[in-house]
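In: from the sequence below, what's the structure:
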Amino acid sequence: MADFARNLYGEGPQDSNTYEIQSQAQKCIPKPFKPEDNTAIIIGVLYGVIILTVLFQAYALRLRRWIASYYYPEREQARTMYLYNKTLRKRRTLWSMLKQTIKENRREQVAVERISFRSWLAAQNKFCRIILGNTSRVCLGCATEENKSFYICDNTRCSGAYCGECLEQVDSVCALCGDPIDIESGVNTRI
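Out: This next block holds a predicted model:
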């Protein structure tokens with residue numbers, strides 16, 4: 001054990017089991033040379049083509065569609081109808097999302113109004129809102145405060161309030177009760 005420790009930490013191995021290794025690293029090292037001028041020009045041209053392709057890709061796609069529509073007009077008409085229907089589906093989805101947001105905002109308003117008697121009283125009557133100092137309502141769609149282009153559903157069971165833009169989005173129909181709202185007069189017209 002003492003010999004092992006001496007070999008490891010101290011004097012090193014004492015016997016003649018040493019090896020002399022010579023390496024010839026010079027054979028493995030590549031020999032650099034100056035690149036040719038033509039190579040640099042070719043690489044520059046390739047980079048230029050790549051940059052132009054990226055910049056003009058949108059115009060090339062438009063040109064491809066125009067050429068295809070010239071030779072295949074019926075396919076272009078089918079493509080146009082598909083895109084039109086896809087846009088209509090997105091609009092319907094947007095409308096349903098707005099309607100859902102209106103209902104969720106109304107549920108939240110009802111919950112807040114139930115918290116205090118003062119809030120409930122202010123929500124029920126405009127005169128009470130003025131007396132209690134809570135004169136503004138908010139749109140159920142976008143939560144903007146009441147202004148001149150603000151429409152309130154006149155149904156006694158419903159207290160829906162909409163700004164002009166949100167009312168147009170829901171086709172002038174109260175999303176809570178389903179009654180139409182007359183945009184010219186700002187009041188609900190029940191059928």
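
In: was I right about residue 142 contacting residue 168?
Out: No: if you go by CB atoms under 8 Å, residue 142 and residue 168 don't touch, sitting 12.0 Å apart. For the C-beta atoms, the positions are set from N, CA and C on the backbone; glycine is no exception.

In: please identify which of these two sits among more neighbours.
Out: residue 142 (15 against 11; other CB atoms under 10 Å).

In: quick one: the most centrally placed residue in the chain from residue 173, how far?
Out: Note on the chain: the residue nearest the mean C-alpha position is residue 94, at 13.8 Å, using CA atoms, centre = their mean. Distance of residue 94 to residue 173, given as CB to CB, to the nearest Å: 16 Å.

In: for residue 86, same thing?
Out: Applying CB to CB to residue 86 and residue 173 gives a distance of 25 Å.

In: can you give me the helices for the protein?
Out: Using DSSP state H, the helices found in the chain span residues 2-9, 37-55, 57-71, 73-115, 117-124, 126-132, 164-169.

In: how about the residue nearest to the centre of the chain, nearest residue that isn't a chain neighbour?
Out: Leaving aside its sequence neighbours, residue 94 sits nearest to residue 169 (CB to CB, 6 or more residues apart in numbering; 7.8 Å).

In: my guess is the one you found contacts residue 97, does it?
Out: No: in this structure, residue 169 is not within contact of residue 97 by CB under 8 Å, at 10.1 Å.

In: more neighbours, the two?
Out: Set side by side, residue 169 and residue 97 show more neighbours around residue 169, with 19 against 10, by other CB under 10 Å.

In: check contacts around the residue nearest to residue 94.
Out: Neighbour list for residue 169: 94, 95, 98, 141 [criterion: CB atoms under 8 Å, 6 or more residues apart in numbering].

In: of the residues you listed, keep whichever come out buried.
Out: For the contacts of residue 169, a burial check counting by 16 or more other CB atoms under 10 Å picks out 98, 141.
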